[in-house]
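**Q** No sequence on hand, only this structure:
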């Protein structure tokens with residue numbers, strides 16, 4: 001299972017929370033001496049949720065690509081690699097050189113971990 005949720009899922013959840021806050025039924029001021037306090041707390045929570053919605057909506061999506069100039073993988077594994085001409089392949093780092101089926105590629109500009117395998121509708125490989 002992935003530790004991440006999609007941006008859209010986060011926004012949907014936050015909007016549902018905001019809607020739920022809006023729907024809270026606060027008794028009228030006549031029957032609830034804490035009316036103003038409760039009302040202010042809900043407005044404050046809505047402000048926080050609105051801030052999260054704004055931040056997530058405006059943030060640039062994160063790229064999983066790691067520039068080779070920034071760093072190389074820490075462990076030996078297969079990675080998705082992009083060659084300087086745009087060619088993308090699965091490769092691995094061996095003796096500080098990127099390899100692809102025994103062909104060395106010197107001009108790899110970025111890499112990323114391979115995605116999880118597709119598991120189908122019944123979580124089967």
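**A** That came through fine. Bear in mind the structure is a predicted one, so any value in this text is a computation, not a measurement.

**Q** what comes into contact with the helix ranked longest in the chain?
**A** As assigned by DSSP state H, the longest helix anywhere in the chain is helix 35-58. Applying Cβ atoms under 8 Å, 6 or more residues apart in numbering, the contact partners of helix 35-58 are 7, 10-11, 14-15, 17-18, 21-22, 24, 26-29, 32. Backbone N, C-alpha and C define where each C-beta goes, glycine included.

**Q** Who wins on neighbours among those?
**A** residue 14 (20 neighbours; other Cβ atoms under 10 Å).

**Q** From residue 38, how far off is residue 32?
**A** Distance, residue 32 to residue 38, using Cβ to Cβ, to the nearest Å: 7 Å.

**Q** again with residue 9
**A** Relative to residue 38, and taking Cβ to Cβ, residue 9 is found at 30 Å.

**Q** who's more crowded, the two?
**A** Ranked by neighbour count (other Cβ under 10 Å), residue 9 and residue 38 place residue 38 first, with 13 against 10.

**Q** Among the contacts of helix 35-58, which ones are in helices?
**A** Residues of these located in helices (DSSP H): 7, 10-11, 14-15, 17-18, 21-22.

**Q** and those residues, which two are the farthest apart?
**A** Spatial extent of these (Cβ to Cβ) is set by the pair 7 and 22 at 22.6 Å.
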